[in-house]
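Novice: Sequence and predicted structure are below.
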Amino acid sequence: MKYPKPIMRKSELMKMGFPEECLMTAYRSPGQDFAHKINPARSNSAIIFETEGFEKWRKKLMRRERIL
């Protein structure tokens, strides 16, 4: 999948059609290094995603679900 920008906010990805639940699962996944808060000290800070890493995570998840 092609993304318009290399780093995107959660809200931008939601506008592209990704469900919030999927994005939050990706953000909370242990060991991930592609999603971060802009300002970790603020609880309501926006979450940003490095789209290349997110796409790799998404493809890995899809492969894993097909096997199970």
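Specialist: Yep, it's here. Numbers count the residues shown, from 1 in each chain.
Novice: which helix is the longest one in the chain?
Specialist: helix 51-67 (DSSP state H).
Novice: Contacts for it, please.
Specialist: Contact partners of helix 51-67, identified using C-beta atoms under 8 Å, 6 or more residues apart in numbering, comprise 1, 3, 5-8, 13, 26, 29, 32-35. (Glycine included, C-beta is placed from N, CA and C.)
Novice: In that helix, which of the residues would be classed as buried?
Specialist: 51, 54, 57 (16 or more other C-beta atoms under 10 Å).
Novice: Excluding covalently adjacent residues, which one is nearest to the first one?
Specialist: Taking C-beta to C-beta, 6 or more residues apart in numbering as the measure, residue 51 lies nearest to residue 3, with 3.9 Å between them; neighbours along the chain are not counted.
Novice: Pairing partners for residue 8 in the sheet, please.
Specialist: residue 49 (DSSP bridges).
Novice: burial count for it?
Specialist: Applying other C-beta atoms under 10 Å, we find 20 residues neighbouring residue 8.
Novice: thinking again about what came up before, with distance to residue 47 as extra columns, can I get the contacts of helix 51-67 in TSV?
Specialist: As requested, those are exported to TSV (distance: C-beta to C-beta, whole Å):
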residue	distance to residue 47
1	19
3	15
5	15
6	16
7	11
8	10
13	9
26	10
29	13
32	12
33	14
34	11
35	6
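Novice: and the residues you listed, which are buried?
Specialist: 3, 8, 13, 26, 32, 34, 35.
Novice: Can you tell me which one of these sits lowest on pLDDT?
Specialist: Looking at the buried ones among the contacts of helix 51-67 by pLDDT, the weakest one is residue 32, with 93.
Novice: you'd agree that residue is in a strand?
Specialist: No - looking at residue 32 with DSSP: H, G, I helix; E, B strand; the rest coil, it is coil, so not inside a strand.
Novice: Quick check: it touching residue 23?
Specialist: No - the pair residue 32 / residue 23 is not scored as a contact, 11.6 Å apart, by C-beta atoms under 8 Å.
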